[in-house]
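Student: Sequence and predicted structure are below.
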Amino acid sequence: MSRARQATQRRLARILRGRKEPHGKPFTDEGFLRGVEINDAGIVELWVQPNHPHCPCCLDDLIELRKEIGKAKGILACHIEIVGIPHSERWTAAVNE
């Protein structure tokens with residue numbers, strides 16, 4: 001693993017570690033954050049299962065998180081995939097538009 005990729009992983013970990021979802025649970029909780037992947041080009045993919053699947057504040061929070069991650073040094077882009085809820089493809093499209 002390259003040094004640049006390790007540095008990107010540390011930056012992403014700092015962003016996620018200090019974050020809570022809108023209803024107070026830590027973002028890094030296994031029930032919420034289902035997976036993380038960073039490729040060599042600096043593209044971050046997150047798989048998230050919202051605890052409150054029809055809550056607009058959760059949707060807004062994920063949009064803001066995507067913007068925050070995209071601004072971090074070494075990260076080219078961020079894609080958040082919503083999983084485990086009804087109509088997850090609609091949430092995924094809304095977050096990543």
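Tutor: Looks like it came in fine. No experiment lies behind these values; they were computed from the predicted model shown. Numbers count the residues shown, from 1 in each chain.
Student: Check the spacing between residue 78 and residue 57 real quick.
Tutor: Going from residue 78 to residue 57 by Cβ to Cβ, to the nearest Å gives 20 Å. Any C-beta I mention is one placed from the backbone N, CA and C, and that applies to glycine too.
Student: okay, the two: which has more neighbours?
Tutor: residue 78 (22 against 11; other Cβ atoms under 10 Å).
Student: hang on, isn't residue 5 packed against residue 37?
Tutor: No. Between residue 5 and residue 37 there is no contact under Cβ atoms under 8 Å: 11.3 Å.
Student: what about those two, which has more around it?
Tutor: Remark: of residue 5 and residue 37, residue 5 carries more neighbours, 15 against 10, as counted by other Cβ under 10 Å.
Student: So the residue nearest to the spatial centre of the chain: helix, strand or coil?
Tutor: Nearest to the mean C-alpha position of the chain, counting by Cα atoms, centre = their mean, stands residue 46 at 4.5 Å. Put simply, residue 46 is strand when judged by DSSP: H, G, I helix; E, B strand; the rest coil.
Student: who are the neighbours in contact with it?
Tutor: 33, 35-36, 69, 78-81 (Cβ atoms under 8 Å, 6 or more residues apart in numbering).
Student: which stretches of the protein have low pLDDT?
Tutor: 1 (pLDDT under 70).
Student: For it, which segments count as helices?
Tutor: 3-17, 56-71, 88-95 (DSSP state H).
Student: buried sites along the last one?
Tutor: If you call a residue buried by 16 or more other Cβ atoms under 10 Å, then helix 88-95 has these buried ones: 88, 91-92, 95.
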